[in-house]
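> all I have is the shape, not the residue letters:
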């Protein structure tokens with residue numbers, strides 16, 4: 001039997017919660033505004049004090065086109081590294097700045113002498129990169145932790161923060177074994193490792209090999225569950241050049257496709273893409289990266305074309321996982337456009353979007369988006385939506401393709417050639433394993 005105190009207790013709870021007001025009844029949620037962070041005031045004449053963090057000013061940025069005064073924000077500061085003892089009267093700090101409206105890979109350490117406290121007026125515009133820089137990165141990740149890395153003979157400046165083990169944070173350059181991707185802080189450690197390392201290629205199955213213009217390439221499939229350390233090292237490297245990549249130390253659900261340059265010493269990684277073994281959203285690519293020293297050689301388009309060739313073998317349409325970096329989006333747009341122009345230029349009769357999806361394994365959304373970018377998807381009252389590609393677009397594409405073939409001195413890789421691919425879908429392999437176990441039992 002319920003006690004006599006049950007109802008009063010319930011009433012007390014209701015009283016404590018309070019009655020909803022008229023605005024809450026209308027469904028409006030009112031949250032307490034967070035206290036806005038106030039930037040500390042700074043007097044430019046007082047050079048003895050450091051510039052406060054998040055202080056907005058201007059910086060003289062030099063490039064190939066000359067010198068520009070650009071608006072920026074102070075992200076971090078540190079003691080000067082150019083001199084051991086700062087002369088009396090000189091500024092004691094240097095600053096890590098973010099240029100307004102630009103990608104975070106352009107962030108850099110600059111001396112005090114390049115900073116300006118007056119400059120051209122800037123129209124306040126909300127830029128997605130600025131929001132991402134402010135909200136989604138905490139104090140640790142907003143400053144890249146390594147200035148450059150070296151893989152083999154290639155030295156590459158880094159773009160973003162990557163969560164390497166803390167004991168490596170004291171090094172400005174990381175050195176990698178070009179085969180097993182183990183990393184070191186000192187050249188002597190790498191040399192000692194190289195004398196013992198017996199690897200000559202990634203630890204997986206070779207599924208593709210071809211001879212291209214001034215280069216031979218090979219592709220290896222590496223299981224993230226079987227080769228956990230190697231695939232984690234791949235992710236560490238990729239995070240240095242990808243801002244939107246979320247680094248997960250659990251590589252078990254992924255397959256990694258490592259693109260290599262075939263050299264006399266062995267197969268050296270130039271880029272890679274990863275994909276989920278079982279994707280709920282039919283993503284055919286989770287992450288893609290071409291090392292900066294190997295860009296502008298066709299590797300990016302090769303990796304994208306490979307992901308779609310795998311989708312064709314699987315018999316389904318696919319698309320890359322979002323969000324995707326700005327450079328990745330450019331590569332995809334270029335590949336999608338070239339792919340559709342190639343199909344439409346060879347096709348004499350009418351073709352539907354569904355047929356294009358079946359031929360290319362692209363999703364209907366990506367096909368429609370690309371047709372609109374090319375401005376060849378039209379609509380009229382009689383025929384409805386129809387595709388009409390002008391000869392000028394086809395001729396421009398063929399001319400660009402011919403120029404690439406004519407230049408025999410550059411290194412260039414064609415898109416994936418299906419006849420050279422030797423691959424079997426992962427889910428089919430798992431089914432075969434289960435059937436074999438049943439037969440053996």
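Nice, thanks for sending it over. Because the structure is a prediction, the values reported are computed rather than measured.

> what separation do you get for the residue positioned nearest the centre of the chain and residue 186?
Centroid-nearest residue in the chain, with CA atoms, centre = their mean: residue 242, separated by 3.5 Å. Here the distance between residue 242 and residue 186 works out to 27 Å (CB to CB, to the nearest Å). Using the backbone N, CA and C atoms, a C-beta is placed for each residue, glycine as well.

> could you do residue 110 as well?
When distance is defined by CB to CB, residue 110 is 28 Å away from residue 186.

> more neighbours: which of those two?
Between residue 110 and residue 186, counting by other CB atoms under 10 Å, residue 110 is the more crowded of the two (17 against 11).

> buried stuff in the helix or strand hosting the more buried one?
Residue 110 is part of strand 108-111 when elements are defined by DSSP states H and E. With burial defined by 16 or more other CB atoms under 10 Å, the residues of strand 108-111 counted as buried are 108, 109, 110.

> ok, stretch 40-53 next?
For stretch 40-53, a neighbour-count test (16+ other CB under 10 Å) marks 50, 51, 53 as buried.

> thought the last one was touching residue 75?
Just to be clear, that refers to residue 53. Yes. With contact defined as CB atoms under 8 Å, residue 53 counts as touching residue 75 (7.0 Å).

> where does residue 81 land on pLDDT?
As summarised for this prediction, residue 81 has a pLDDT of 84.

> the strands in the stretch 151-300 of the chain, which residues?
For the stretch 151-300 of the chain, applying DSSP state E, counting those that start in this stretch gives strands covering 154-157, 173-176, 183-184, 205-212, 215-223, 254-262, 267-276, 283-285, 287-290.

> which stretches in the stretch 201-350 of the chain count as helices?
If DSSP state H, counting those that start in this stretch is used as the criterion, the helices of the stretch 201-350 of the chain fall at 228-239, 299-314, 326-346.

> by contact count, what packs against the helix or strand just after the last one?
Along the chain past helix 326-346, the next helix or strand (assigned with DSSP H and E) turns out to be helix 353-360. Contacts of helix 353-360 with other secondary structure elements, assessed using 3 or more CB pairs under 8 Å, 6 or more residues apart in numbering; DSSP states H and E, are made with helix 326-346, helix 364-374.

> make it 10 Å
helix 299-314, helix 326-346, helix 364-374, strand 384-387 (3 or more CB pairs under 10 Å, 6 or more residues apart in numbering; DSSP states H and E).

> those: which one's closest to residue 98?
The closest approach between residue 98 and any of these, judged by CB to CB, belongs to helix 326-346 at 15.7 Å.

> low pLDDT regions in the stretch 51-200 of the chain?
By pLDDT under 70, the weakly predicted segments of the stretch 51-200 of the chain are 122-140.

> got the contact list for residue 151?
With CB atoms under 10 Å, 6 or more residues apart in numbering as the criterion, the residues that contact residue 151 are 174-179, 181, 183, 237, 268-270, 291, 293.

> do residue 45 as well
Under the criterion of CB under 10 Å, 6+ apart, the contact list for residue 45 reads residue 117.

> quick one: it and residue 117, what's the gap?
Between residue 45 and residue 117 the computed distance is 9 Å (CB to CB).

> so what's the residue count around residue 181?
For residue 181, the neighbour count with other CB under 10 Å is 20.

> excluding chain neighbours, what is closest to it?
With CB to CB, 6 or more residues apart in numbering as the measure, residue 233 is the residue that lies nearest to residue 181, at 4.0 Å, once sequence neighbours are left out.

> how many neighbours does the one you found have?
Under the criterion other CB under 10 Å, the count of neighbours that residue 233 has is 18.

> residue 143 touches residue 96, doesn't it?
Yes. When contacts are counted by CB atoms under 10 Å, residue 143 is listed as touching residue 96 (5.2 Å).

> go through the buried residues of strand 108-111 and say which is closest to residue 408.
The shortest distance between residue 408 and any of those, using CB to CB, involves residue 108 and amounts to 37.6 Å.

> now stretch 224-243: buried residues?
224, 227, 230-243.

> average pLDDT for it?
The average pLDDT for stretch 224-243 rounds to 94.

> go on, stretch 38-45?
According to the model, stretch 38-45 has a mean pLDDT of 82.

> cool, stretch 379-397 as well?
86.

> what's it in contact with?
Contacts of stretch 379-397 from elsewhere in the structure, counted by CB under 10 Å, 6+ apart, are 337-338, 340-347, 350-353, 356, 367-368, 371, 374-378.

> narrow those to those that are buried.
Buried residues within the contacts of stretch 379-397, defined by neighbour count using 16+ other CB under 10 Å: 337-338, 340-342, 344, 356, 367-368, 371, 374, 376-377.
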